[in-house]
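my questions are about this predicted structure, shown below with the sequence.
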Amino acid sequence: MYRLPAPARGAISAPRGGGPALIAVAHGSRDPRSAATMAAVVAEVATARPDIPVRLAFLDLSTPSVDEVVDDLAIAGHTDVIVVPLLLGNAFHARVDLPALLVEAGRRHPRLRLTQAAVLGPDPLLIAAVADRVARSCRIPLLADRATPVVPASLGTPTAAPGPLRDAPVGIAVAAVGSRDAAANRRTAVVARRLAAVTGCPAEMCFATVEPSIGQAVDQLRGRGAERIVVAPWFLAPGLLTDRLVAAAPEVVHADVIGAHSALVDVIWARYDTCVATELVLSA
């Protein structure tokens with residue numbers, strides 16, 4: 001959590017509603033599907049807690065910008081805002097770009113307290129959401145032979161398919177954006193390991209922009225005995241990179257992105273609640 005300096009005062013507050021406003025900050029994309037998906041996500045976030053003002057902003061390429069949304073909330077009289085990055089990794093955007101924007105916004109609005117929450121990361125709920133997308137995409141009840149379900153009951157139950165489709169061994173290629181930073185890619189690879197543990201299926205990590213490629217992951221999985229391959233996008237929204245993955249491996253099943261999954265909504269509110277609880281302790 002990153003807290004911007006602000007004048008000392010009591011517990012966090014808002015001019016109306018049940019708590020500080022929430023700004024959900026997405027990456028942004030030239031692909032309109034991405035912005036539309038993130039708008040749907042944030043609409044679900046707002047519906048979950050109608051007493052709290054919720055706004056969507058983008059770091060780049062889409063509107064409204066972070067500056068525009070912060071300015072609007074300040075003009076409306078808000079004095080406390082929680083900023084939740086809708087980012088799966090703690091990379092440059094979360095560590096440098098967004099904090100810089102919020103520092104500058106704090107200079108423009110010295111009476112406004114802005115608190116940046118942690119990124120979404122490989123949260124167990126998001127891993128469960130990906131497992132749910134995988135199970136629904138190939139219509140198989142993953143982990144059917146275990147007592148522990150693949151996903152929490154609140155996320156729904158995949159529809160099982162009869163016969164060979166259900167019984168064919170499945171391998172999962174977990175596909176993320178990728179980075180020039182090898183350490184960042186190693187941190188992302190934890191998603192494949194956790195998804196394998198949750199689903200009971202072999203999983204290999206691959207990236208849309210660097211190696212290992214999706215083709216390499218598919219070959220690895222087939223070498224491990226998988227007869228059916230499903231690509232699990234570690235993406236919040238569709239876009240040019242998810243299209244690139246489909247074009248690179250059109251012969252395999254591609255699961256949906258995380259999108260407006262109830263688990264994502266829960267994780268966003270969890271990041272918000274952590275900030276609120278921490279701020280209350282600091283203000284006491």
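Received it, and whenever you're ready, just let me know what you need.

residue 135: neighbouring residues, count only.
Residues near residue 135, counting by other Cβ atoms under 10 Å, number 27. Where you see a C-beta, it was placed from the backbone N, CA and C, and this is true even at glycine.

A helix includes it, no?
Yes. Counting by DSSP: H, G, I helix; E, B strand; the rest coil, residue 135 is part of a helix.

show me where pLDDT drops low in this structure?
For the chain, the stretches with pLDDT under 70 are 1-17, 140-167, 280-284.

outline the domain layout of it.
2-120+263-283, 124-235 (automatic domain parsing).

TSV please, covering the ones you listed and showing distance to residue 257.
As requested, these are exported to TSV (distance: least, Cβ to Cβ, whole Å):
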stretch	distance to residue 257
domain 2-120+263-283	7
domain 124-235	5
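
nearest to residue 242, of those domains?
Distance to residue 242, taken as Cβ to Cβ, is lowest for domain 124-235 among those, at 5.5 Å.

end-to-end on that closest one?
Using Cα to Cα, to the nearest Å, the end-to-end distance of domain 124-235 comes out at 15 Å.

what residues does the closest residue to residue 188 other than its chain neighbours make contact with?
Leaving out its chain neighbours, the residue that sits closest to residue 188 by Cβ to Cβ, 6 or more residues apart in numbering is residue 176, at 5.0 Å. Residues near residue 176 by Cβ atoms under 8 Å, 6 or more residues apart in numbering: 88, 188, 191, 205, 206, 207, 208, 234, 235.

which residues touch the last one?
Counting by Cβ under 8 Å, 6+ apart, residue 235 touches 88, 175, 176, 177, 241, 242, 257, 258.

including distance to residue 118 and secondary structure, could these go into TSV?
Formatted as TSV, the contacts of residue 235 follow (distance: Cβ to Cβ, whole Å; DSSP: H, G, I helix; E, B strand; the rest coil):
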residue	distance to residue 118	secondary structure
88	12	coil
175	23	strand
176	18	strand
177	19	coil
241	24	helix
242	25	helix
257	21	coil
258	17	coil
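
which one of these is nearest residue 98?
Nearest member of the contacts of residue 235 to residue 98, counting by Cβ to Cβ, is residue 88, at 14.0 Å.

help me confirm that the closest one comes into contact with residue 257.
No. Contact between residue 88 and residue 257 fails when scored by Cβ atoms under 8 Å: they sit 10.9 Å apart.

list residues touching both of the two?
Common contacts of residue 88 and residue 257 (Cβ under 8 Å, 6+ apart): 235, 236.

quick one: the strands in the stretch 51-200 of the chain?
54-58, 80-85, 113-116, 170-176 (DSSP state E, counting those that start in this stretch).

now the ones you listed in JSON lines, with distance to residue 216?
Below are those laid out as JSON lines (distance: least, Cβ to Cβ, whole Å):
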{"stretch": "strand 54-58", "distance to residue 216": "32"}
{"stretch": "strand 80-85", "distance to residue 216": "30"}
{"stretch": "strand 113-116", "distance to residue 216": "36"}
{"stretch": "strand 170-176", "distance to residue 216": "9"}
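
show me what contacts residue 222?
171, 229.

look at it and give its secondary structure.
Relying on three-state DSSP, one would call residue 222 helix.

hmm, back to that, is the residue nearest to residue 188 in a bridge, and if so with what?
residue 207 (DSSP bridges).

if I look at it, how far off is residue 278?
Distance of residue 176 to residue 278, given as Cβ to Cβ, to the nearest Å: 29 Å.

quick one, which of the strands of the stretch 51-200 of the chain is nearest to residue 31?
strand 54-58 (12.4 Å).

how about residues contacting that closest one?
Against strand 54-58 from outside (Cβ under 8 Å, 6+ apart): 21-28, 35, 38-39, 42, 45-46, 64-66, 68-70, 72-73.
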